[in-house]
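J.: no sequence for this one, just the structure:
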């Protein structure tokens, strides 16, 4: 008995040109996606463009930026405050707020980002600190809620280059906008 079967089609061997072409198309697609992602979502693009446009509409002397700072453990709060430069009364007020869980302490190392020197005043609620800008970071202890605004003003008259400060965030050093006479930087700090 004879069966009418069609012979099974033999698979075509992949040619080297076909495999190379497929690999190049895949590589080009990956490169295009990566370029688009970096172009559209580059760090700070969404964060810095919109707030500066809003600031220009509100007050041209107020600059905006965001930063994420490291939280100091509540158990280490007394030691951090003792070394912070706050007065004894301020330390007691801040420590009481930490114990009531109203604020957290964050470490904000600031430095001279442009080499122009100068000093800045950092205002956080009713508390303020004046810091000389040095090339090496000087840590400022700030009492802050989970997220809050910190105002930074030039404490000394900025020269023609302005006062350029930077902060060491949890993601690394971040240069802040340069401050000129009459400028205030409103820094939104996220405690993490």
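T.: Yep, it's here. None of the values given here were measured: they were computed from a predicted structure.
J.: helix/strand/coil for the residue lying closest to residue 157 once chain neighbours are set aside?
T.: Nearest non-adjacent residue to residue 157, counting by Cβ to Cβ, 6 or more residues apart in numbering: residue 181, 6.7 Å away. (Each C-beta comes from the backbone N, C-alpha and C, glycine too.) Judged by DSSP: H, G, I helix; E, B strand; the rest coil, the three-state class of residue 181 is coil.
J.: From start to finish, how long is stretch 155-173 in a straight line?
T.: Using Cα to Cα, to the nearest Å, one end of stretch 155-173 lies 22 Å from the other.
J.: Go through it and flag the buried ones.
T.: Neighbour-count burial for stretch 155-173 flags 155, 158, 162, 163, 164, 165, 166, 167, 168, 169 (criterion: 16 or more other Cβ atoms under 10 Å).
J.: contact partners of that stretch?
T.: For stretch 155-173, the external contacting residues (Cβ atoms under 8 Å, 6 or more residues apart in numbering) are 67-70, 108-116, 118-121, 130-131, 133, 137, 152, 154, 174-176, 178-181, 183, 187, 192.
J.: Cross the residues you listed against strands and list the overlap.
T.: Using DSSP state E, the members of those that fall within strands are 67-70, 108-112, 119-121, 130-131, 152, 154, 174-175, 187.
J.: Just the buried subset of these, please.
T.: For the ones in strands among the contacts of stretch 155-173, a burial check counting by 16+ other Cβ under 10 Å picks out 67-69, 108-112, 119-120, 131, 152, 154, 174, 187.
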